[in-house]
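J.: got a sequence here, can you model it:
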Amino acid sequence: MFRIGDMILVAVSFPAAQLLISGDAFWLNLQLDPWGSLGPLAFLFVCVIVCLEVGDPQQWDSVTDRLRQISLALGVGFLIEAFLSYGRVISLSPEIMLIGSLLCAVLLTGWYWIFGVMVPAARAPLKVLLLDADPVLEAVARTPVFRNRRYQIVGPLEAPNTLGAAITEHHPDYILVQEAKRELPTALLLELRSEGVAIESAEEFYESALERVSARHLRPHRFLFGELTPKRKNLAVQAIYSNLAVLMVLTVALPLLLLIMIALKVTSPSQPIFQRWRCAGFNNVPFTLLRFSSRSWLGRWVRRLRLEGLPQLVNVVRGEMSLVGPRPKRLEFEKELARYIPYYAERLTVRPGLTGWAQVHFPEEDALLELEYDLYYTANLSPGFDLRIIIRALRTAAEPISFS
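T.: Numbering: from 1, shown residues only. Purely as a prediction, here's the structure:
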């Protein structure tokens with residue numbers, strides 16, 4: 001219901017802006033040239049909705065979070081429309097874009113508040129009943145990441161025969177079981193499942209709730225039977241849209257790349273322009289990663305401006321990297337981590353990426369946590385998931401830069 005409301009309001013906002021500006025001419029143009037009038041609006045609608053719906057309303061704790069998501073969706077729609085207008089593919093006037101965006105932001109923010117008043121249960125925490133003790137999940141449940149996702153852990157139960165009383169008291173949305181530990185009240189669990197209560201293992205819930213794989217629950221069969229490896233068709237499709245997108249970006253960014261290269265050479269003639277790192281690539285095949293050198297004072301400024309990775313666009317065009325994927329690591333570090341962390345090498349069943357699921361979640365180096373996010377990504381690689389990651393990366397990049 002909430003998402004349907006979003007779609008209706010976005011669909012109304014921009015035509016309303018065009019009607020306000022054009023008046024009766026809007027209806028006349030609609031009759032004479034339906035595609036010319038509605039085509040650009042329909043395309044803009046799709047762009048904004050796709051960007052808007054990658055967010056999860058369960059994770060929005062305030063109107064500020066909602067506004068951030070709305071601003072990002074409208075900003076992406078504005079940029080795409082401007083790019084296509086430049087190529088004369090579609091065209092909407094800046095006035096329509098501005099008034100439509102303002103109207104859309106007001107309506108969507110108001111809808112978020114109204115929906116919260118009408119359906120308060122939509123933002124209530126989901127109760128999770130833990131039937132058996134699980135140290136990994138219990139430890140994670142105490143972290144802010146878990147609490148921010150609006151889950152509340154109840155249990156573990158002392159005995160299976162107290163399950164009925166616990167259900168009556170807590171009315172859980174999920175029940176987590178571990179079949180190997182003790183005999184389960186199967187009949188009661190099946191009855192609850194038919195009533196809409198989700199019955200999952202701790203491992204399954206960890207993965208669905210946190211969107212990362214539990215490294216401590218990993219078993220070899222998940223790799224042997226391809227549960228955590230990407231589908232070949234998704235890898236092929238990813239290679240196509242990654243190269244096309246990066247070629248477009250490279251065309252626009254080429255003057256900036258050349259300017260930085262010239263500036264680095266002029267200010268530091270004795271220093272190399274690029275840093276070249278030998279990194280582990282797709283299926284652990286080594287490749288040379290390109291980065292701007294940060295040894296000079298200008299190089300340090302390039303790094304602070306988050307531009308040191310621009311040469312990696314060339315790595316993507318050469319097929320060594322992708323737009324989205326695990327963080328590329330130098331060969332010596334990759335081999336060392338694979339010695340101590342089981343299944344660490346499995347993260348490279350996809351190409352390393354300019355950004356990735358692990359990168360958008362944490363800036364710190366935590367190899368085990370990184371592996372959990374990377375394995376979740378390899379198991380769920382798809383164009384829609386990549387788009388979600390790219391939008392989150394853009395939102396992170398839009399945050400203020402610290403020069404301290």
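J.: please, which helix or strand holds R327?
T.: Under DSSP states H and E, no helix or strand contains R327.
J.: got the phi/psi numbers for it?
T.: Backbone torsions of R327, given as degrees, to the nearest 10, read phi -70, psi 130.
J.: repeat for L126
T.: The phi and psi torsions at L126 (degrees, to the nearest 10) take the values phi -90, psi 130.
J.: could you do the one 4 residues further on as well?
T.: For L130, the backbone dihedrals (degrees, to the nearest 10) come out as phi -90, psi 110.
J.: next one: L371
T.: Per-residue torsions, L371: phi -60, psi -40 (degrees, to the nearest 10).
J.: need the pLDDT of it.
T.: On the pLDDT scale, L371 is placed at 92.
J.: and for the one 3 residues further on?
T.: Looking at D374, its pLDDT stands at 93.
J.: and if you look at S242?
T.: Looking at S242, its pLDDT is 91.
J.: can you report how many residues lie near the residue lying closest to it once chain neighbours are set aside?
T.: With Cβ to Cβ, 6 or more residues apart in numbering as the criterion, S242 has its nearest non-adjacent residue at 4.0 Å, and that residue is L323. Just so you know, the C-beta spots here come from the backbone N, C-alpha and C atoms, and that holds for glycine as well. When counting by other Cβ atoms under 10 Å, one arrives at 25 neighbours for L323.
J.: how about T109?
T.: Neighbourhood size, T109 [other Cβ under 10 Å]: 14.
J.: can you check the one 5 residues further on too?
T.: When counting by other Cβ under 10 Å, one arrives at 11 neighbours for I114.
J.: how much space separates E191 from G309?
T.: Separation of E191 from G309 (Cβ to Cβ, to the nearest Å) stands at 54 Å.
J.: looking at the two, which has the bigger crowd around it?
T.: Shown here are E191 and G309; by other Cβ under 10 Å, G309 has more neighbours (16 against 11).
J.: could I get the full set of strands for this structure?
T.: Residue ranges of the strands in the chain, as given by DSSP state E, are 126-130, 151-154, 174-177, 198-201, 274-280, 286-292, 322-324, 353-355.
J.: ok, now which ones touch the spatially closest residue to A198 that is not a sequence neighbour?
T.: Nearest residue to A198, sequence neighbours excluded (Cβ to Cβ, 6+ apart): Y174, at 4.7 Å. With contact taken as Cβ atoms under 8 Å, 6 or more residues apart in numbering, Y174 is in contact with L126, K127, V128, L129, V197, A198, I199, E200, F205.
J.: in CSV, list the residues you listed along with distance to E211.
T.: What follows is these, written out as CSV (distance: Cβ to Cβ, whole Å):
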residue, distance to E211
L126, 15
K127, 20
V128, 16
L129, 21
V197, 22
A198, 16
I199, 20
E200, 15
F205, 12
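J.: got the domain boundaries for the protein?
T.: Annotated domains of the chain cover 2-121, 125-210, 232-397 [automatic domain parsing].
J.: which among those domains is found nearest to H217?
T.: domain 125-210 (4.1 Å; Cβ to Cβ).
J.: so how far does that closest one reach from one end to the other?
T.: 15 Å (Cα to Cα, to the nearest Å).
J.: one step back: I'd like the domains of the chain as TSV, with distance to R222 appended.
T.: Conversion of the domains of the chain to TSV gives the following (distance: least, Cβ to Cβ, whole Å):
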stretch	distance to R222
domain 2-121	25
domain 125-210	10
domain 232-397	9
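J.: lowest average confidence across the ones you listed, which one?
T.: Averaging pLDDT over each of the domains of the chain puts domain 2-121 lowest, since it has a mean of 70.
J.: just checking, what's the longest helix in the chain?
T.: helix 232-267 (DSSP state H).
J.: list the buried ones in that helix?
T.: Buried residues in helix 232-267, counted by 16 or more other Cβ atoms under 10 Å: N234, L235, Q238, S242, N243, V246, L250, L257, I260, A263, L264.
J.: picking up where we left off before, tell me the bridge partners for the residue nearest to A198.
T.: Beta bridges link Y174 to V128, A198, judged by DSSP bridges.
J.: just V154 next, same as before
T.: When assigned by DSSP bridges, V154 has beta-bridge partners L129.
J.: what of A280?
T.: P286.
J.: okay, now it: neighbour count?
T.: For A280, the neighbour count with other Cβ under 10 Å is 25.
J.: for it, give me its contacts.
T.: Taking Cβ under 8 Å, 6+ apart, one finds P286, P328, K329, R330, L331, E334, K335, L348, P352 in contact with A280.
J.: for the third one, give me phi and psi.
T.: Think K329. phi -130, psi 150.
J.: thought it was touching L337?
T.: Yes - under the criterion of Cβ atoms under 8 Å, K329 makes contact with L337 at 7.4 Å.
J.: and those two? Which one has more around it.
T.: Legend: neighbour count by other Cβ under 10 Å for K329 and L337, higher for K329 (23 against 18).
J.: quick one, what contacts the more buried one?
T.: Counted by Cβ under 8 Å, 6+ apart, K329 has contacts C279, A280, L337.
J.: among the residues you listed, which one lies nearest to P269?
T.: For the contacts of K329, the nearest to P269 is C279 (27.7 Å; Cβ to Cβ).
J.: correct me, but the closest one touches P326?
T.: No - shown here, C279 and P326 do not form a contact pair, counting by Cβ under 8 Å, at 10.6 Å.
J.: who has more neighbours, the two?
T.: With neighbours defined as other Cβ under 10 Å, C279 and P326 compare such that P326 has more, 25 against 22.
J.: excluding sequence neighbours, find me the nearest residue to that one.
T.: Using Cβ to Cβ, 6+ apart and skipping the chain neighbours, the partner closest in space to P326 is D374 (4.4 Å).
J.: would you map the helices across the stretch 301-404 of the chain?
T.: Applying DSSP state H, counting those that start in this stretch to the stretch 301-404 of the chain gives helices spanning 312-317, 331-340, 367-380, 383-397.
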